[in-house]
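**Student:** The sequence and its predicted three-dimensional model are supplied below.
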Amino acid sequence: MPPCQGRIEARQILERVRDHVGRRWGETTLDSYRPTGNESAYAVITAWANTPEGGLYIYGPNGTGKTHLAVSLFRHLIAHRNEVSFLPCAELFMSLRKTFDDDAKQTETQLVDGLSQVP
């Protein structure tokens, strides 16, 4: 892939993330995150960010910094030329729901397998 094409795709992904989570998170970074009470989660995420392998699931109660970490992680991965994908939960659930339609174009397993192979 030509370098400029990768930059355009990365910018489009970041714009989609910002549109979904709001402009507030537009310039967040892993370094700007201040863990308070969840230092172990921050350590796991930053370690994974430097050697991404497999998937990463971020969860927790409201107000603990999940969105900040997720957007920052995206920015970090893109900056280090990793390929990323972004799918809001609502779209994921709608896609899963469509797999149960009589005229579904793919099965639930095919959908999940496709999502696990981030392009």
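**Tutor:** Received it, and whenever you're ready, just let me know what you need. Numbering: from 1, shown residues only.
**Student:** CA atoms for contacts and neighbours, from now on please.
**Tutor:** OK.
**Student:** any residues touching stretch 30-50, and which ones?
**Tutor:** 64-65, 68-69, 72-73, 76-77 (Cα atoms under 8 Å, 6 or more residues apart in numbering).
**Student:** so where is the chain shaky, pLDDT-wise?
**Tutor:** 1-10, 13-14, 16-26, 86, 118-119 (pLDDT under 70).
**Student:** for this structure, what spans make up the helices?
**Tutor:** Applying DSSP state H to the chain gives helices spanning 3-21, 39-50, 66-79, 89-98, 108-116.
**Student:** most neighbours per residue, which of the ones you listed?
**Tutor:** Highest mean neighbour count of the helices of the chain: helix 66-79, a mean of 20 (counted as mean count of other Cα atoms under 10 Å).
**Student:** Distance from the chain centre to it, please.
**Tutor:** 7 Å (Cα atoms, centre = their mean, to the nearest Å).
**Student:** so it versus helix 39-50, what angle?
**Tutor:** If you take axes from the mean of the first three to the mean of the last three Cα atoms, to 10 degrees, helix 66-79 sits at 20 degrees to helix 39-50.
**Student:** Export helix 66-79 to CSV, keeping only CA atoms.
**Tutor:** Provided in CSV are the C-alpha atoms of helix 66-79 (Å, rounded to 0.1, in the frame of the first residue of the first chain):
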residue,chain,number,x,y,z
LYS,A,66,-12.2,3.5,28.8
THR,A,67,-12.9,5.9,25.9
HIS,A,68,-9.8,7.9,26.6
LEU,A,69,-7.7,4.7,26.6
ALA,A,70,-9.4,3.3,23.5
VAL,A,71,-9.0,6.4,21.4
SER,A,72,-5.5,6.9,22.6
LEU,A,73,-4.7,3.3,21.8
PHE,A,74,-6.0,3.8,18.3
ARG,A,75,-3.9,6.9,17.8
HIS,A,76,-0.8,5.0,19.1
LEU,A,77,-1.3,2.0,16.8
ILE,A,78,-1.9,4.2,13.8
ALA,A,79,1.2,6.3,14.6
